[in-house]
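1. Structural data only, the sequence is not supplied:
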């Protein structure tokens, strides 16, 4: 689990999630503690595959919890089935993607969002050092929404459009120019 914890620490640094704060100089009432969530992943046959470690904040301690937009869309079952049906009919390949550290890559916090959290002792900082978050982390209630906002913006920038029936179903409409029938002069 030590290597998995080190990988999580590197993810926090690589994604520019926080800046260090000396809490002796900057006392705060918005402090959130965290804990390690350690998971053993197994293959379908039950054999060991890998271990994962996540530093998860205790989001229920967040004092701004009632001021946050926390909703994020989820694909509906009928939409998923229709997409699978369309792929089967067109002989398209279906691909599943699992984005590593997705919530750490969400939108940055705005000026009104101020969260200071505990850092794991494995980071090597003294206990009086905390982290002022620049973006959401695991355990915060607005993390799914901030990730969704960034994903939606990226997909739309590639020309994909969300369908009206399901906000999580995107389509790429090709530009088809349909010329109007020419009218003959009478």
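-> Structure's in. What do you need? All values reported here derive from a predicted model rather than from experimental measurement. Residues are numbered from 1 along each chain as shown.
2. Tell me which residue is most central in this structure.
-> With distances taken as C-alpha atoms, centre = their mean, the residue of the chain nearest its centroid is residue 103 (3.0 Å).
3. Assign a three-state SS to that one, would you?
-> The three-state assignment at residue 103 reads helix, by DSSP: H, G, I helix; E, B strand; the rest coil.
4. ranges for the strands of this protein?
-> 18-22, 31-32, 34-42, 48-57, 116-118, 129-133, 160-162, 170-172 (DSSP state E).
5. roughly how far apart are the closest residue to residue 15 other than its chain neighbours and residue 168?
-> The spatially closest residue to residue 15, leaving aside those adjacent along the chain, is residue 104, at 4.2 Å (C-beta to C-beta, 6 or more residues apart in numbering). For the C-beta atoms, the positions are set from N, CA and C on the backbone; glycine is no exception. Residue 104 is 21 Å from residue 168, where distance means C-beta to C-beta, to the nearest Å.
6. Check residue 114 too.
-> For residue 114, the distance to residue 168 - C-beta to C-beta - is 31 Å.
7. Tell me how many other residues crowd the closest residue to residue 131 other than its chain neighbours.
-> Using C-beta to C-beta, 6+ apart and skipping the chain neighbours, the partner closest in space to residue 131 is residue 18 (3.6 Å). By other C-beta atoms under 10 Å, the residues close to residue 18 number 20.
8. same question, residue 146
-> Residues lying near residue 146 (other C-beta under 10 Å) number 23.
9. Nearest residue to it in space, ignoring adjacent ones along the chain?
-> That would be residue 106: by C-beta to C-beta, 6+ apart, it lies 3.4 Å from residue 146.
10. quick one: pLDDT of the one you found?
-> pLDDT recorded at residue 106 is 86.
11. Ok, residue 52 next?
-> 92.
12. Give me the buried positions along stretch 115-134.
-> By neighbour count on 16 or more other C-beta atoms under 10 Å, the buried set for stretch 115-134 is 115-120, 123, 130-133.
13. Dump those residues to TSV, plus pLDDT and distance to residue 91.
-> Formatted as TSV, the buried residues of stretch 115-134 follow (pLDDT from 0 to 100; distance: C-beta to C-beta, whole Å):
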residue	pLDDT	distance to residue 91
115	88	48
116	88	53
117	91	48
118	90	51
119	91	50
120	92	48
123	91	49
130	90	54
131	91	49
132	91	51
133	91	46
